[in-house]
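>>> let's see this in three dimensions:
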Amino acid sequence: GKPLDWHASAPFRPEVKRLGITQFIAAYRANASRCDTFLKWGDEVEYTLVSLAAPAATTSTTPTARLSTLAPSLISLLSAEERARLASPNPSGPDVETLWRPEYARWQVEGTPGGPYRAFVGDLGLVERNMALRRREIEKVLGDVGRADVAVVCVAAFP
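Numbers count the residues shown, from 1 in each chain. Predicted structure coming up:
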């Protein structure tokens, strides 16, 4: 089918919410008595890389935004710690805090926590901290490679 815009989707949102909650409760109940493992969950953030060019002095005062295709090289730099740990003779040491993967295109990077969260209230406090850590890591790598002109944007779609 054809995706609906925000206003056209309004009548369907309550039903989508209800079905999502119903599905979650059913999955929870189906697994509530499991003793063999903890509920594990996570998050992922897609970072869109946007190059912000200064305006041409003769044509405009508005900067130009273009997608930056730096994702493969950034992922290589961001995942160096993970690769080193896996290549070590004893890779059972502490987990890395962040993982970096390719996303849909060369202008997107996916960041996830280094391991799953668990079914403890305390783990809820780890989510925002880890998201902030990922943001700092990707911005630091951009600075390290001299690309202060590239902004890291989290949006559902670009442009």
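>>> when you work out contacts or count neighbours from here on, use the C-alpha atoms and nothing else.
Will do.
>>> now residue 104, what's its secondary structure?
coil (DSSP: H, G, I helix; E, B strand; the rest coil).
>>> actually residue 155, not the one I wrote
coil.
>>> helix or strand for the closest residue to it other than its chain neighbours, which one?
Leaving out its chain neighbours, the residue that sits closest to residue 155 by C-alpha to C-alpha, 6 or more residues apart in numbering is residue 48, at 7.3 Å. For residue 48, the host element (DSSP states H and E) is strand 45-53.
>>> and that strand, C-alpha only, in CSV?
The C-alpha coordinates for strand 45-53 follow below in CSV (Å, rounded to 0.1, in the frame of the first residue of the first chain):
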residue,chain,number,x,y,z
VAL,A,45,20.1,4.7,16.2
GLU,A,46,20.7,5.5,12.5
TYR,A,47,23.0,8.5,12.0
THR,A,48,22.6,10.4,8.8
LEU,A,49,25.8,12.1,7.7
VAL,A,50,25.2,15.5,6.2
SER,A,51,28.0,17.7,4.7
LEU,A,52,27.3,21.4,5.3
ALA,A,53,29.0,23.5,2.7
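>>> perfect, I'm done here.
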